[in-house]
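[1] when you get a sec, could you give me coordinates for this:
(chains A and B)
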Amino acid sequence: MNPQGTSGTNEYSASSFSWLGKGQFRTTILTLVALLAVFVIIFPFFWIVLCSFKDPEQFLSLGLKESLPNTFNINSYKLALERANLSVWMLNSLIVACATTLLSLLVSTPAAFALARIRFRKKLFVLVLLISYAIPSILIVVPLFVLLAALNLSNSYFGLILVHATLTIPFSTWVLQDFYHSIPPDLEEAAHMDGANLYQVLRYVILPLSIPGVLAAGVYSFILSWNDFLFALVIMNDAEMFTAPVGIHAYFTGRNIVESVWAQLMAATTIVSLPSVILFGFFQRFLMSGFLSGAVKG
Amino acid sequence: MSNHDQPIFCGRYKHYRQIVGIMMVGPVTLLLSFLLITPFVAAAWWSLTEGATADLTLRNYKWLGNPSTIDAFLTSLFMGIGSVMLEIFLAVPLAILLNQPLPLRGVMRAAVTLPWAIPTVAVAAAFLWLSNTNYGLFNQIGFATGILKNPVSLLGSQHLALLSVTVAHAWKGLPLVFIIILASLQSLPDELLEAARVDGAGTWSRFRYIILPHLKASIALSAVLSGIYNFSLFDITFLLTGGGPAGKTLTLPLLLYFEQFKAFDRGHAAVTGISIFMASLLALILVFFLISLDRKKLGTKQR
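    This next block holds a predicted model:
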């Protein structure tokens, strides 16, 4: 061991892109700095999760020592699920997010394939796609609300699903078409030579290969729909139809914030975050590459 | 669209290809035109008409000149630019750090991008609770260490509210900027840094003369994307302060919402939306213009 690391013979020195310098000592310091920065970044989320396990009866405390969580108590979760109608809202969120994901993939997968692989006049379509990238959500929320109301679709699952799908489709299509570009066309050609028709090429060659891309687009759609606040707020007016974020907002605003209510809020927001965070954790790699090709919206 | 790909069915059946292609992009085109472009056109139309009579008027655009509207615009601008500056200042060192061969690098990268996946309600709950005047952790730590004599209301004070909300925006927007900059760093050839090191360039000069120029375009791109996004973002501000205290955090998106659902003035709401869009478009065009100008300058220098 050489703590100063001046000889540069540690396991990483082979990699030349450590431009800050080499050595075990440096690596240790940099790792500590990075860990500290990462801790600060995830702290707000970490904190609500920690606080959700505090005893709801003694949630508020004036001293620093007592305010640090020191118990493991799931009463906050019980309260949140019983009093705040959270299970109904979670179910609504789940229905909307799953349907959005399905609808979004169903229409964007063939569109992306056509965009990447079939030679036809697609200028108009690309234009529509680009314009929809540039339109901010807040601009269209009111007209969409009016439009859905006119179609008798406001305050319904279907209305919100349509709206969420509109948000996710441009990104999904773009990510998937980028993905299809990365699949060598020789494969399709070989299948085509062997006598496969377009459907068979899609079903037996393209579909199995596109699973990583479809997963990224699907997870992205789910998380975006699950996390959405603005559209759900405007479109769902009935407390029975609220999605989880809107329900939590409606339940906790204007309420006299006492101890058990703060505790419930921590528990409720932890529960709402879990599906997104878990999916993100599992598919983080796919999502990252998707972000870069999709030029990111959301 | 890259040209080297050879689409299948490129030889015969021209009309067949056309029909199949249109059938495949058809659903997306219909959905997007119906649910994005129709509302956009409707908003543009409403911004030009008088509510009930549908007569053409510039009343709504004149309303944009009001001091209160201009205040909201400036607040949005502060929020957009401030949060993006914070994001860049955090993301560049973080990306460089997490591009080093450190143990746990993958986990740390994932953790930095986590805020993207957290629902805005949870973000708001976290910041509301952390900054709570009496019981929040910030004030508790301030008291315990003796920095604070009196409780500070980060989201309730006239001076600090806008800054606090901006920080929340930066926290939520950091992952996007981080990813773009990290990807750009990874495309920097190691040999370049190695050569500079051999030539005697120190850590700072390698950063200043190699890494920073390499990152310039991606910094500009991520800044404009994230800035536009934060400029038009509704939910964080709405959930944290609702525009208060005394309108100090009233941004254009919130103004739009209140004009529509509190004042019931569709024209004002529409014109606010259009101005958000126009400002974003202008920023986008400006940045792309600057980037291309920069490229041109570099090009002439090299020749």
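[2] now do the SS call for residue B:233.
    Classification of residue B:233 by DSSP: H, G, I helix; E, B strand; the rest coil places it in coil.
[3] thought residue B:253 was touching it, still the case?
    Yes: shown here, residue B:233 and residue B:253 form a contact pair, counting by C-beta atoms under 8 Å, at 6.6 Å. Just so you know, the C-beta spots here come from the backbone N, C-alpha and C atoms, and that holds for glycine as well.
[4] and the two? Which one has more around it.
    A direct count of neighbours by other C-beta atoms under 10 Å in any protein chain shown for residue B:233 and residue B:253 places residue B:253 higher, at 28 against 24.
[5] in what helix or strand does that one lie?
    helix B:252-261 (DSSP states H and E).
[6] just checking, what packs against that helix?
    In terms of contacts (3 or more C-beta pairs under 8 Å, 6 or more residues apart in numbering or on different chains; DSSP states H and E), helix B:252-261 is packed against helix A:137-150, helix B:67-97, helix B:235-240, helix B:266-302.
[7] can you tell me which of the ones you listed is most buried?
    Compared across the helices and strands packed on helix B:252-261, helix B:235-240 shows the largest average neighbour count, a mean of 24 (mean count of other C-beta atoms under 10 Å in any protein chain shown).
[8] looking at stretch A:222-236 now, give me its mean pLDDT.
    What stretch A:222-236 shows for mean pLDDT is 91.
[9] can it be found next to chain B?
    Yes: judged by C-beta under 8 Å from any C-beta of the partner chain, stretch A:222-236 comes into contact with chain B at A:223, A:226-227, A:229-230, A:234.
[10] just the buried ones from these?
    Buried by 16 or more other C-beta atoms under 10 Å in any protein chain shown: A:223, A:226-227, A:229-230, A:234, out of the residues of stretch A:222-236 next to chain B.
[11] chain neighbours aside, what residue packs nearest to the residue nearest the centre of chain A?
    Taking C-alpha atoms, centre = their mean, the centroid of chain A lies closest to residue A:223, which sits 3.0 Å from it. Spatial nearest neighbour of residue A:223, chain neighbours left out: residue A:276 (4.8 Å); criterion: C-beta to C-beta, 6 or more residues apart in numbering or on different chains.
[12] same thing with residue A:55?
    Nearest residue to residue A:55, sequence neighbours excluded (C-beta to C-beta, 6+ apart): residue A:73, at 4.6 Å.
[13] just want the phi and psi numbers for the one you found.
    The phi and psi torsions at residue A:73 (degrees, to the nearest 10) take the values phi -130, psi 120.
[14] number of nearby residues for residue A:111?
    Using other C-beta under 10 Å: residue A:111 sits among 27 other residues.
[15] mind checking how far it is from residue B:153?
    50 Å (C-beta to C-beta, to the nearest Å).
[16] what does residue B:99 give?
    As judged by C-beta to C-beta, residue B:99 and residue B:153 stand 39 Å apart.
[17] for the stretch 1-150 of chain A, give me the ranges with low pLDDT.
    The stretch 1-150 of chain A contains residues with pLDDT under 70 at A:1-22, A:57-58, A:61-69.
[18] quick one: the helices in it?
    A:24-51, A:64-67, A:75-83, A:86-117, A:123-134, A:137-150 (DSSP state H, counting those that start in this stretch).
[19] can I get those helices in TSV with distance to residue B:184?
    Shown next, in TSV, are these (distance: least, C-beta to C-beta, whole Å):
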stretch	distance to residue B:184
helix A:24-51	19
helix A:64-67	41
helix A:75-83	42
helix A:86-117	25
helix A:123-134	21
helix A:137-150	27
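[20] how about CSV for those helices, with distance to chain B added?
    Shown next, in CSV, are the helices of the stretch 1-150 of chain A (distance: least, C-beta to the nearest C-beta, whole Å):
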stretch, distance to chain B
helix A:24-51, 4
helix A:64-67, 4
helix A:75-83, 12
helix A:86-117, 4
helix A:123-134, 5
helix A:137-150, 3
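[21] quick one: the nearest residue to residue B:167 once chain neighbours are set aside from chain A, how far?
    Nearest non-adjacent residue to residue B:167, counting by C-beta to C-beta, 6+ apart: residue B:86, 6.8 Å away. Residue B:86 sits 12 Å away from chain A, going by C-beta to the nearest C-beta, to the nearest Å.
[22] tell me which of the residues of stretch A:222-236 next to chain B is nearest to residue A:242?
    Ranked by distance to residue A:242 (C-beta to C-beta), the residues of stretch A:222-236 next to chain B are led by residue A:229 at 11.0 Å.
[23] so who does the nearest residue to the closest one once chain neighbours are set aside touch?
    Using C-beta to C-beta, 6+ apart and skipping the chain neighbours, the partner closest in space to residue A:229 is residue B:235 (4.2 Å). Neighbouring residues of residue B:235 by C-beta atoms under 8 Å, 6 or more residues apart in numbering or on different chains: A:229-230, B:120, B:124.
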